[in-house]
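K.L.:
Here's my sequence, what's the structure:
(chains A and B)
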Amino acid sequence: MKTKSNLERILESGGFVVTSECGPPRGADPEVIRRKGALLKGVVDAVNVTDNQTSVVRMSSLASCVILKEMGFDPILQMVCRDRNRIAIQSDILGAAALGIDNILCLSGDHQKFGDHPKAKNVFDMDSIQLISAVKTMRDDGRFVGGEEVKGKPMLFIGAAENPFGDPFEIRAARLGKKVRAGVEFIQTQCIYNLERFERWMEMVRGRGLHERCAILAGVTPFKSVGMARYMKNSVPGMDVPDHMIDRMKGVPKEKQPEEGIKICVETIQRLRDIPGVRGIHIMAIEWEEKVVEIAKVAGLLPRPS
Amino acid sequence: MIVGNRKSLEEIFGMIKPYKKILLLGCNECVTVCAVGGEREVGVLASELRLTRMKDGEEIEIREHTLERQCDHEYIDQIRPFVGDYDVILSMACGAGVQYVAEKYRTKPVLPAINTSFLGVTLEQGAWSERCQGCGTCLLDKTGGICPIARCAKSLLNGPCGGSSNGKCEVDKETDCGWQLIIDRLKELGQLDRYEEIIPIKDWTTSRDGGPRKRIREDLKL
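P.N.:
Reported below is the predicted structural model:
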């Protein structure tokens, strides 16, 4: 084991892991994070905190991670390249490690046009692969990107995201390969609805042996309504929602739709568990965090190892 | 060429409000090619300004003059004989040209009539598209002749991101995903194995980030 990460520990022991996420508030109230955290107690092995997701300004991921750490969680610091240059990024990596955060998820970041500050300048001094490499260099070589010595290495377990449904499909496994070579240790995928396409991606991934060099956690998100399913199909970049799922959601009356969405999610988890190379599930129940415990329970993922 | 688009008549009108005698300067190079600041556009703008002032019952005198370019001393010098007759210079050149005219005629306000946008190419008549960001360290040899800095909305050197969909960028469905273009080209060139190479973090010192840039050729100096 390289770090003190609970996530790394369970993966190393061969366990199937469960992670979820907390979206910080659009304000300075720490109670929002504490309430969301409370819903996940005993449900997850580690918990992501998003970093100004969809370019909407929220309480910083690092601050929110610290609040969750105080509650006994193993937080995963999500970090995007959109808003910070290499100086700020490396500084935050040191800060996170100093505050006891053991995991980082390296991301490019949604373009700022999606958020509440579309007029902002974007940074993108580095990309997600260079960020993975930076964390690894700081942790294992004790060097900053600029070459100087890091006096006190940040021992972070290194993760990234990958989208099996992004285009072009043919290079998606090659891109994961680049992340693995850069030093990534675990991957969380974009939420999965098209299982057949996901299975094809996993085949390409296994073909390159990548499933043995990093732990792949399959992402899932329950539909709250047919409206949400349609929105995700049409308006979220890199999302693949098959028509039969929209039909299924449409086929039940409005008040039954949340229940159907949870059912679909649980079935998806059960199918994902059987795919060789999938080492865990990442449940993203955006603004529906109270359902994560139910999903995990019905899918047979509880109790979690202590 | 350098591409821009003309400021709105409203904005230009606001800028020239205090002035009665205007020297309207066009440029025969880039802004002519992208039909925003050449002789023809100078004529159109002059008419619009005269009409608008006339409607408001106010005077205006506009001299229309198009220089070969506004980024070289020898051409800017050509207006010296008559520049003193005017209150203000309204330039339709790119930002470089506007500034150079201002540097030469220090006692005349020089106003920009266009918004300079990008270094680009002509797609077809009436359409121009960005290609280069002037990063100062060209890496087109690594990416099949397609620039990830200029053509990827996030300037990723190891793209694409997860938002690439059907060859289009998440920013705009009319915008090609730069990395889709790169991958397609590498395939055509039989160089798809180059995609496996991790391009390291960029040195931005040769770009705008390093500070205002200059290029000197000692051998050409007099």
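
K.L.:
Strands along the stretch 51-200 of chain A, start to end?
P.N.:
A:75-80, A:103-107, A:157-162, A:186-191 (DSSP state E, counting those that start in this stretch).

K.L.:
Repeat that for chain B.
P.N.:
Assignment of strands within chain B using DSSP state E yields the ranges B:2-6, B:21-27, B:61-67, B:88-91, B:110-112, B:114-124, B:127-132, B:168-169, B:172-176.

K.L.:
Kindly list the longest helix within chain A.
P.N.:
What stands out as the longest helix in chain A, according to DSSP state H, is helix A:257-273.

K.L.:
Flag every buried residue along the longest helix seen in chain B.
P.N.:
Under DSSP H, the helix in chain B containing the largest number of residues is helix B:39-55. Using 16 or more other Cβ atoms under 10 Å in any protein chain shown as the burial criterion, the residues of helix B:39-55 that qualify are B:41-42, B:45-46, B:49, B:53. From N, CA and C alone the C-beta is placed, and that goes for glycine too.

K.L.:
for chain B, what are the nearby residues on chain A?
P.N.:
Contact residues (Cβ under 8 Å from any Cβ of the partner chain) of chain A with chain B: A:81-82, A:86, A:108-111, A:113-114, A:122, A:124-130, A:133-134, A:145, A:161-163, A:166-168, A:170-171, A:174-175, A:177-178, A:181-182, A:190, A:237-238.

K.L.:
before we move on, back to that, from the buried residues of helix B:39-55, which are also near chain A?
P.N.:
Of those, not one also sits near chain A (Cβ under 8 Å from any Cβ).

K.L.:
TSV please, covering the residues you listed and showing distance to B:L192.
P.N.:
Formatted as TSV, the buried residues of helix B:39-55 follow (distance: Cβ to Cβ, whole Å):
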residue	distance to B:L192
B:E41	44
B:V42	49
B:L45	49
B:A46	54
B:L49	55
B:R53	61
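
K.L.:
Can you pull up the most central residue in chain A?
P.N.:
Centroid-nearest residue in chain A: A:Q188, 4.8 Å away (criterion: Cα atoms, centre = their mean).

K.L.:
give the contact list for the residue in the stretch 51-200 of chain A positioned nearest to chain B.
P.N.:
At 3.4 Å from chain B, A:N163 is the closest residue in the stretch 51-200 of chain A, using Cβ to the nearest Cβ. Residues counted as contacts of A:N163 (Cβ atoms under 8 Å, 6 or more residues apart in numbering or on different chains) are A:172, A:189-190, A:238, B:162.

K.L.:
And it, what's its pLDDT?
P.N.:
Listed pLDDT for A:N163 reads 91.

K.L.:
The nearest residue to it once chain neighbours are set aside - how many residues pack around it?
P.N.:
Using Cβ to Cβ, 6 or more residues apart in numbering or on different chains and skipping residues adjacent in sequence, the residue nearest A:N163 is B:G162, 3.4 Å away. By the criterion of other Cβ atoms under 10 Å in any protein chain shown, B:G162 has 24 neighbours.

K.L.:
picking that back up, wait, which of the buried residues of helix B:39-55 is closest to B:G95?
P.N.:
B:E41 (16.4 Å; Cβ to Cβ).
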